[in-house]
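Novice: I would like to see how this sequence folds:
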Amino acid sequence: MDHGHLDVPYDEEAHQRPREIEVDGARFERIPIKTHVVLPGEALDPVIEKYALPVLQDGDWLFMTEKMVAASQGRAYRVDEMTSRPLAVWLSKRVVRTTTGIGLGMPETMEWAIREVGTPRILFAAAVSVVTKRFGRTGDFYRVAGTKARGIDGPGYPTIPPYDEMVVLTAAKPRQTSEHVRDVLVGRGRSVNVLLVDINDIGGNVLGSTLTRADELLVARILKDNPIGQGHESTPLGIIRRVT
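Specialist: Prediction:
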């Protein structure tokens, strides 16, 4: 089937990466799905049913980006409505900014990291990073602070509005959310698996899914080149479909 002629919300102009990829001798098609901008607190199920359901086939793997899911859970906050404690201001000036964004290098994102994982863990992460930097290691602050802190997204370009002025936290209950979406789709006649992913231009990982661990590792390889982009594409959903 030539999916290039399907009447589906696919952003062909914004997306330049190849539609198919070969992994371990098998070929997989990656189909980005364009949606409207999912706003903070907006219900997730209607978005899935409107945009993904018409495209899905039995056996597909539907993946959802963490930012969209976290926003739908109400875990996105405007920076101009936040007050950062002095510790967050001080620490934010001393962490290494990530290659994919500001990370915790601004008071507002650091403030949320402290709220999410607690002051003791953040201080311990800072202490560890001070020691390991002397031995040429970098990134230990983020590793010790953990997934909830590491996954916080800050505002700025090329983030699509209104998220260019917001801090977005990690999605809550990723596996349970994936199971819920799968059950919704099964109820609508689609036998599929569902994944919640965090991907960017330097790689990504599966945060929760209805797949086995081995298949999750396979997905990370299939999506390693970030086939849905991460700027103004507005493609927070995608499908992995095995073609050979």
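
Novice: what's near enough to touch Leu87?
Specialist: 114, 119 (C-beta atoms under 8 Å, 6 or more residues apart in numbering). No exception for glycine: its C-beta is placed from N, CA and C like everyone else's.

Novice: Check the gap between it and Thr138 for me.
Specialist: Taking C-beta to C-beta, to the nearest Å as the measure, Leu87 and Thr138 are separated by 22 Å.

Novice: cool, Val79 as well?
Specialist: 26 Å.

Novice: ditto for Thr109
Specialist: Relative to Thr138, Thr109 is positioned 18 Å away (C-beta to C-beta).

Novice: of those two, who's got more company?
Specialist: Thr109 (26 against 10; other C-beta atoms under 10 Å).

Novice: just checking, the more buried one touches Val89?
Specialist: No: taking C-beta atoms under 8 Å as the definition, Thr109 is not a contact partner of Val89, at 11.5 Å.

Novice: domain assignment for the chain?
Specialist: 3-75+171-242, 77-162 (automatic domain parsing).

Novice: what about Arg177, neighbour count?
Specialist: No, residue 177 isn't Arg; it's Thr. Thr177: 23 neighbours (other C-beta under 10 Å).

Novice: no, scratch that, I was asking about Met110
Specialist: 29.

Novice: Next, format the domains of the chain as a markdown table and append mean pLDDT.
Specialist: Shown next, in a markdown table, are the domains of the chain (pLDDT from 0 to 100):
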| stretch | mean pLDDT |
| --- | --- |
| domain 3-75+171-242 | 87 |
| domain 77-162 | 90 |
